[in-house]
Structure formats: C-alpha cells, structure tokens
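A.B. asks: next input, structure requested:
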Amino acid sequence: MAASAIKAKATKSVEPAETLIELCDLTVNFGRQAVLQNVSISIPRGQTLAIIGESGCGKTVLLKHIIGLLFPSSGHVEFDGQRIDSLNEKELTALRGRFGFLFQNAALFDSMTVADNIAFPLKEARNMGSQKISQVVSERLKQVGLPNTVLGKRPAQLSGGMRKRVGLARALVMSPEVLLYDEPTTGLDPIMSDVINELIMRTRDQNAVTSIVVTHDMKTAQKVADRVVMLYPLTRLKASESQIIFDGTPEEVMACKDKRVSQFVRGEAGERLLEMEQATG
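C.D. replies: Numbering: from 1, shown residues only. This is a model prediction of the structure:
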C-alpha cells in the first residue's frame with residue numbers, strides 16, 4: 001500500500017456515535033436533601049457505561065430518572081431526542097417498553113413462578129398467545145444459561161445467582177434497546193459475579209443494546225464497560241465542584257491521579273475512617 005494511502009487511512013475521521021440518552025443539568029432534591037446537582041451526561045447509542053461511586057451518591061436515583069420512574073427538581077432527561085418530562089402517561093409507558101431493568105436483588109415476584117416472572121412484561125404489554133409467550137420465555141431463559149427445569153420454581157427456591165439471571169431474562173424479554181443494571185453482582189460470589197459480567201457482555205454483543213451499569217464492583221466496571229463515570233456525594237464536595245469527578249475509559253480510571261478516584265477503585269479507606277469518626281464524635 002502506498003505511503004499516502006496509509007496516511008489517509010490513519011487520519012480518516014470517524015463519525016461520532018448518535019446520542020441516545022442525554023442528562024441535562026439534572027438536579028434532584030428529596031425535601032431538604034440534595035442527591036444530584038447539575039449532572040450532565042451524554043450516552044451514545046451502543047455504549048456500555050459504568051456508573052461508579054460511594055453508596056448514597058445518587059447512582060440508582062440517576063437510573064430511575066433515565067427511565068422516568070422519578071422526575072428531577074430541575075434539569076431534564078432526553079431519550080432519543082424526546083424530553084421524558086414532556087411525555088404523557090401513555091407515551092411514558094411506551095418509552096419504558098424500550099428499556100430493560102435488572103433491579104438490585106432481581107426484584108422478582110415471590111408469589112410467581114420463574115416462567116410467570118419472565119412472561120410478566122409480555123402479558124402486560126403485548127397481545128401475544130400463550131404458546132408464543134412460552135417460546136419467548138424459553139429462549140430468554142436459555143440466553144442467560146438456565147434450563148427449562150427452573151420454569152416451575154419460585155424465586156425462594158433459587159440461588160442468588162439464579163435469581164439474578166432470571167431477572168436478566170425478564171429484562172430481555174421485550175427485546176429492549178437499553179438495558180439498565182443496578183448493582184448486578186452485589187451479593188454474589190466471585191465466580192457467579194463473573195458469570196453475570198459475561199452475560200452482560202454477551203447480551204450487548206448479541207442484541208446491540210445500549211447498557212448502563214451501576215456498580216461498586218471495579219472488576220465489573222473494568223470488564224464490561226466502554227466508559228466509566230464516577231459520581232461523588234454532594235455532602236463531601238465544595239459548592240463549586242462538579243459531582244462527576246471522573247469520566248473516561250476503564251484503563252484511565254485505574255490510572256487516575258485524583259485521590260478520591262484512586263482510593264475508591266482500589267478499595268482503600270484513606271481518610272474516610274477518620275472523617276466518619278469525626279462526624280460521629
């Protein structure tokens with residue numbers, strides 16, 4: 001290949017990915033308690049974003065605003081060019097059908113079988129015959145690595161890892177464009193945590209979805225994410241400081257020189273124990 005052709009190939013511009021989700025100056029207060037303040041994040045279609053940070057910094061609250069389960073005190077969320085706060089209830093319901101949500105602890109219905117849990121969104125949203133529903137449920141169960149023998153079981157009869165996988169199967173059953181994961185590996189042993197990580201990656205590759213993963217687990221963030229955003233508790237920030245203290249790749253977050261970031265990703269207490277002792281002293 002000629003040198004000029006090589007140079008042209010190397011310098012060819014890459015079109016930026018289309019923005020699917022836009023958080024614009026999102027501010028959330030619960031009474032007098034401020035949880036999120038002026039948070040702005042653009043999420044391109046097809047990206048896997050990990051949101052990390054200490055407990056109480058607003059990660060799960062942020063997820064609930066993305067899907068329209070909560071609405072901000074100020075600022076707004078846009079999905080696919082539409083402001084979520086401008087939608088009526090019917091439009092919101094249709095929008096939520098484009099999302100799959102794996103809740104903390106899977107949030108399965110205890111009184112329902114595995115089959116009914118996975119089928120629940122289909123029965124609620126679509127005019128589909130029972131035979132077709134059973135087929136889709138079986139396909140999704142296979143996708144998360146579980147046999148049909150668990151279909152008649154109830155959540156209490158399953159291990160924590162199996163419940164998480166059933167929750168993921170339910171999140172996938174509507175073939176969503178976006179998957180939201182809230183602490184997908186919490187409470188699982190290292191092997192099962194990695195099984196969930198592999199399933200997140202496989203799901204992204206097989207379904208071309210946009211994924212947002214809220215996690216404390218840096219192994220999860222490093223393995224599954226294209227991008228990592230770290231939030232910091234407002235109570236520990238100065239008035240002028242951004243709540244987003246890191247936004248970059250998994251490789252960059254591990255090398256970040258900001259002490260607040262490096263201590264979190266390495267699981268080091270640093271000055272936090274002293275701060276906690278002073279706060280309770």
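
A.B. asks: need the longest helix for this protein.
C.D. replies: helix 190-207 (DSSP state H).

A.B. asks: what's the domain layout of the protein?
C.D. replies: Per automatic domain parsing, the structural domains of the chain span 18-98+177-268, 112-175.

A.B. asks: against residue 134, how distant is the closest residue in space to residue 106 that isn't next to it in sequence?
C.D. replies: Counting by Cβ to Cβ, 6 or more residues apart in numbering, residue 106 lies nearest to residue 167, which is 3.3 Å off, once chain neighbours are set aside. Any C-beta I mention is one placed from the backbone N, CA and C, and that applies to glycine too. From residue 167 across to residue 134, the span is 19 Å (Cβ to Cβ, to the nearest Å).

A.B. asks: name the residue in those two with the higher neighbour count.
C.D. replies: Between residue 167 and residue 134, counted using other Cβ atoms under 10 Å, the more crowded position is residue 167 (26 against 14).

A.B. asks: could you say which helix or strand contains the more buried one?
C.D. replies: helix 160-172 (DSSP states H and E).

A.B. asks: what residues does that helix touch?
C.D. replies: 100-103, 105-108, 114, 117-118, 120-121, 137, 140-141, 143-146, 150, 155, 158, 179, 184-185, 187-189, 192, 195-196, 199, 203, 207 (Cβ atoms under 8 Å, 6 or more residues apart in numbering).

A.B. asks: on that earlier part again, separation between the residue nearest to residue 106 and residue 46?
C.D. replies: Using Cβ to Cβ, residue 167 is found at 23 Å from residue 46.

A.B. asks: just residue 231 next, same as before
C.D. replies: For residue 231 relative to residue 46 (Cβ to Cβ), the value is 23 Å.

A.B. asks: between these two, who's got more neighbours?
C.D. replies: Applying other Cβ under 10 Å to residue 231 and residue 46 shows that residue 231 carries more neighbours, namely 25 against 15.

A.B. asks: and the nearest residue to the more buried one once chain neighbours are set aside, what's its pLDDT?
C.D. replies: Residue nearest to residue 231 in three dimensions, not counting chain neighbours: residue 53, with 3.9 Å by Cβ to Cβ, 6+ apart. We have a pLDDT of 93 for residue 53.

A.B. asks: now residue 53: how far from residue 210?
C.D. replies: 20 Å.

A.B. asks: who's more crowded, these two?
C.D. replies: Between residue 53 and residue 210, counted using other Cβ under 10 Å, residue 53 has the larger neighbour count: 24 against 21.
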